[in-house]
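1. Below is the sequence, then the predicted model.
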Amino acid sequence: MLPLPPGQRRVEGFPRFGTHLHRPPPAVPDAPVIAISGVVRKPSEVRLPELATLSRREIVADFHCVSGWTATDLRWEGVRFADFFRAFVEPALDSEVSVSHLTFVGLDGINSVVEPQDALADDVLLADRVNGRPLGGDHGAPIRLVSPAQYGYMSIKHLCLVEVCSTLPAHRLDRGIIGRLIEGHPRARVWHEERHGHIPGRLIRPFYRPLIRPIRALCAKGTQDR
């Protein structure tokens with residue numbers, strides 16, 4: 001059995017988890033798309049069937065929650081985000097544009113801001129299947145980002161928008177007092193224990209761990225995959 005990153009503990013299964021997940025998953029549109037916006041010549045939309053033009057990829061990877069639990073040996077299937085980026089995003093960029101960040105947005109409004117060096121890593125997927133089955137609502141249907149080297153809050157579920165940014169997005173700059181208290185690390189690398197934007201990971205662990213049980217109970221109220 002492979003070792004886990006510092007501060008992580010294995011859990012059984014793959015729980016639905018998040019402070020906003022007491023609500024049911026968002027409805028999936030009849031014809032879902034991934035919109036591309038930001039510093040591109042023209043906003044566009046990629047219909048999910050268009051992803052069939054890209055090579056399929058399967059990876060087995062652990063999912064690490066920033067609160068300290070890890071679901072191990074999940075089998076994800078989808079397409080590499082790097083392939084998606086080169087096929088659908090790069091052609092829309094002006095040659096003088098320097099991409100500094102990518103914002104991923106889900107149908108539920110949740111977003112993450114990821115640096116290109118992390119988003120374009122070889123094992124980052126746009127996944128539509130997990131453990132041999134299509135994604136259910138609890139885990140991000142119809143498609144989600146999966147970035148195994150980062151904490152789970154970077155791996156946005158129900159992906160519907162990729163915004164290309166040349167500077168740090170404004171909502172990351174103006175976070176207020178509460179936002180700074182719960183601020184995630186800009187890279188969130190699990191093996192560096194980058195849990196928080198300002199507080200060392202080993203120091204924030206004792207504050208996150210007691211939240212696991214009540215948050216799991218709250219999330220169970222909104223679960224869809226029974």
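-> In hand now; what should we look at?
2. Strands of this protein, start to end?
-> With strands called from DSSP state E, the chain shows them at 9-10, 33-38, 44-47, 56-64, 69-80, 101-106, 111-114, 125-130, 133-134, 144-146, 159-165.
3. Tally up the residues packed near Pro116, please.
-> Using other Cβ atoms under 10 Å, Pro116 is surrounded by 16 other residues. C-beta: built from backbone N, CA, C; applies to glycine.
4. And it, how far from Gly152?
-> Note on Pro116: its distance to Gly152, by Cβ to Cβ, to the nearest Å, is 20 Å.
5. where does the chain dip in pLDDT?
-> Counting by pLDDT under 70, the chain contains low-confidence ranges at 17-22, 171-182, 214-226.
6. The residue nearest to Phe63 when sequence neighbours are not counted: what's it in contact with?
-> Leaving out its chain neighbours, the residue that sits closest to Phe63 by Cβ to Cβ, 6 or more residues apart in numbering is Ala71, at 4.5 Å. Going by Cβ atoms under 8 Å, 6 or more residues apart in numbering, Ala71 touches 10-11, 13-15, 62-63.
7. so which of the strands of the chain is the most packed in?
-> strand 144-146 (a mean of 24; mean count of other Cβ atoms under 10 Å).
8. Helices of the chain, residue ranges please.
-> Using DSSP state H, the helices of the chain run over residues 81-84, 116-119, 170-173, 176-181, 201-208, 212-221.
9. Quick check: phi and psi at the residue nearest to the spatial centre of the chain.
-> Geometric centre of the chain, nearest residue: Ser155, 1.1 Å, by Cα atoms, centre = their mean. Backbone torsions for Ser155, taken as degrees, to the nearest 10, come to phi -90, psi 80.
10. any idea how far Val190 is from Trp69?
-> From Val190 to Trp69 the distance is 12 Å (Cβ to Cβ).
11. Relative to the whole chain's centre, how far out is stretch 99-112?
-> 8 Å (Cα atoms, centre = their mean, to the nearest Å).
12. Using PDB, list the CA coordinates for it.
-> The C-alpha trace of stretch 99-112 is given here as PDB (Å, rounded to 0.1, in the frame of the first residue of the first chain):
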ATOM      1  CA  VAL A  99      -1.900  32.900 -19.600                       C
ATOM      2  CA  SER A 100      -1.300  33.300 -15.900                       C
ATOM      3  CA  HIS A 101      -4.300  31.400 -14.500                       C
ATOM      4  CA  LEU A 102      -7.200  29.200 -15.500                       C
ATOM      5  CA  THR A 103     -10.600  29.500 -13.700                       C
ATOM      6  CA  PHE A 104     -12.700  26.400 -13.600                       C
ATOM      7  CA  VAL A 105     -16.400  26.900 -12.900                       C
ATOM      8  CA  GLY A 106     -19.100  24.300 -12.100                       C
ATOM      9  CA  LEU A 107     -22.800  24.300 -12.700                       C
ATOM     10  CA  ASP A 108     -23.200  24.800  -9.000                       C
ATOM     11  CA  GLY A 109     -21.200  28.100  -9.200                       C
ATOM     12  CA  ILE A 110     -18.200  26.700  -7.300                       C
ATOM     13  CA  ASN A 111     -14.900  27.700  -8.900                       C
ATOM     14  CA  SER A 112     -11.200  27.100  -8.600                       C
END
